[in-house]
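Enquirer: model this:
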Amino acid sequence: MRHQMSPSDVLLSVNPRRALSIVAFALAANTSVASSALAQGAAASQGARSPLAPTGDPYQAYDALLRAVVRRSGVDYRALRARLPELRAFCDWLAENGPTATPTAFATADSKLAYWLNAYNATVLRAIAESPASMRNVLESMPNSGFFRTRTHRIDRRSMTLDALENREVRERFSDARVHAALNCGARSCPPLAAQAFRPRTVQAQLDRLATAWVNNGAVSLDASARALRVSSLFQWFSSDFTRPVRGRAVLQNGAQGPMRFVQSFAAPALRSALEGACGADLSRCRVEHVAYDWSLNEAR
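Expert: Okay, the predicted model is just below:
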């Protein structure tokens with residue numbers, strides 16, 4: 001940051017990045033499951049709006065939807081559009097439930113974190129699925145990055161943009177760089193969308209797995225002969241996030257500084273050995289190059 005810009009201003013200066021039960025039921029692990037009579041009554045009051053059977057787990061049907069449409073190479077948006085009522089139902093649940101709207105259901109930090117990660121990814125999916133099928137680039141789909149910064153969505157009984165959700169509800173509240181491996185903005189250069197919903201009891205392990213997979217399969221590449229580390233532009237745009245200690249990861253003595261500390265922390269043994277062999281124990285002997293971001297749609301190939 002050159003002049004104390006806000007996180008949103010930083011994103012604007014470099015490009016921004018970054019729902020099936022409709023039943024009122026408890027969400028957190030410590031909260032009791034709503035009775036089936038109440039669930040059926042609430043579903044009936046919605047008529048044909050949701051095709052889903054009531055469930056005590058608000059993420060169960062969303063999880064099944066993700067497993068059906070996420071591929072290794074991206075998202076099958078044709079399959080997603082065929083199941084759009086399911087995604088809309090989950091987004092309807094997100095609209096009326098959340099840490100602000102129903103706080104007793106989100107008593108723990110992990111329940112809040114899982115909620116917001118699911119909310120971001122599901123909202124991106126719905127926004128893309130409801131856009132013309134001809135859309136091929138999320139950044140260019142609306143003027144001035146409007147897909148992220150202008151278009152609003154009802155979440156947690158509030159109206160917010162994707163930009164506000166990412167920066168205020170996720171980054172500022174949790175200060176955890178691993179979220180950058182979990183948030184998927186619908187662009188080709190975003191870390192791959194996880195084919196499962198985030199849940200309070202597993203979200204920390206999920207974040208570790210995603211961060212590890214991202215670092216070792218796309219976030220960084222080494223050109224040993226040129227002593228160059230080519231890394232995702234996310235490490236530049238959110239550099240302050242990546243310099244913070246990561247939960248459960250010890251800071252390596254004499255290790256890398258700055259954003260490359262995150263890379264070194266999550267690198268598998270083979271990658272870490274290659275990095276340190278070419279760049280030194282603190283990776284300082286290699287220059288860092290930020291790869292241009294590909295904003296084209298992450299449609300499965």
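Enquirer: what about Cys279, neighbour count?
Expert: Neighbour count for Cys279, taken as other C-beta atoms under 10 Å: 22. All C-beta spots, glycine's among them, are computed from the backbone N, C-alpha and C.
Enquirer: how many neighbours does Ser239 have?
Expert: 14.
Enquirer: what's near enough to touch it?
Expert: Neighbouring residues of Ser239 by C-beta atoms under 8 Å, 6 or more residues apart in numbering: 258-259.
Enquirer: distance check, it against Arg261.
Expert: 11 Å (C-beta to C-beta, to the nearest Å).
Enquirer: same check, this time on Glu86
Expert: Taken as C-beta to C-beta, the span from Glu86 to Arg261 is 40 Å.
Enquirer: can you map out the strands along the stretch 51-200 of the chain?
Expert: Applying DSSP state E, counting those that start in this stretch to the stretch 51-200 of the chain gives strands spanning 70-71, 74-75, 152-155, 158-161.
Enquirer: the ones you listed: which one's closest to Ala211?
Expert: strand 70-71 (18.0 Å; C-beta to C-beta).
Enquirer: neighbouring contacts of that closest one?
Expert: With C-beta under 8 Å, 6+ apart, strand 70-71 has contacts from 76, 193-195, 300.
Enquirer: so what strands line up beside that strand?
Expert: Strand 70-71 has the following strand partners under DSSP bridges: strand 74-75 (antiparallel).
Enquirer: I'd like the mean pLDDT over the strand it pairs with, please.
Expert: The pLDDT scores in strand 74-75 average 98.
Enquirer: burial check on the nearest residue to Gln196 once chain neighbours are set aside, number of neighbours?
Expert: Distances taken as C-beta to C-beta, 6 or more residues apart in numbering put Asp63 closest to Gln196, at 5.5 Å, once the chain neighbours are dropped. The local packing of Asp63 (other C-beta under 10 Å) involves 17 other residues.
Enquirer: which residues in the stretch 151-300 of the chain form helices?
Expert: Here the stretch 151-300 of the chain has its helices, by DSSP state H, counting those that start in this stretch, at 162-164, 172-174, 203-214, 234-237, 239-242, 260-266, 269-279.
Enquirer: per-residue confidence averaged over the longest one?
Expert: The average pLDDT for helix 203-214 rounds to 98.
Enquirer: picking up where we left off before, possible to save the strands of the stretch 51-200 of the chain as JSON lines with distance to Asp282?
Expert: Formatted as JSON lines, the strands of the stretch 51-200 of the chain follow (distance: least, C-beta to C-beta, whole Å):
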{"stretch": "strand 70-71", "distance to Asp282": "37"}
{"stretch": "strand 74-75", "distance to Asp282": "35"}
{"stretch": "strand 152-155", "distance to Asp282": "41"}
{"stretch": "strand 158-161", "distance to Asp282": "39"}
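Enquirer: and the ones you listed, which is most packed in?
Expert: Comparing the strands of the stretch 51-200 of the chain by mean neighbour count (mean count of other C-beta atoms under 10 Å), strand 74-75 ranks first with a mean of 22.
Enquirer: give the residue spans of the stretch 151-300 of the chain that score low on pLDDT.
Expert: Within the stretch 151-300 of the chain, not a single segment meets pLDDT under 70.
Enquirer: how much space between the residue nearest the centre of the chain and Asp282?
Expert: The residue lying closest to the centre of the chain (C-alpha atoms, centre = their mean) is Leu183, at 1.3 Å. Distance of Leu183 to Asp282, computed by C-beta to C-beta: 29 Å.
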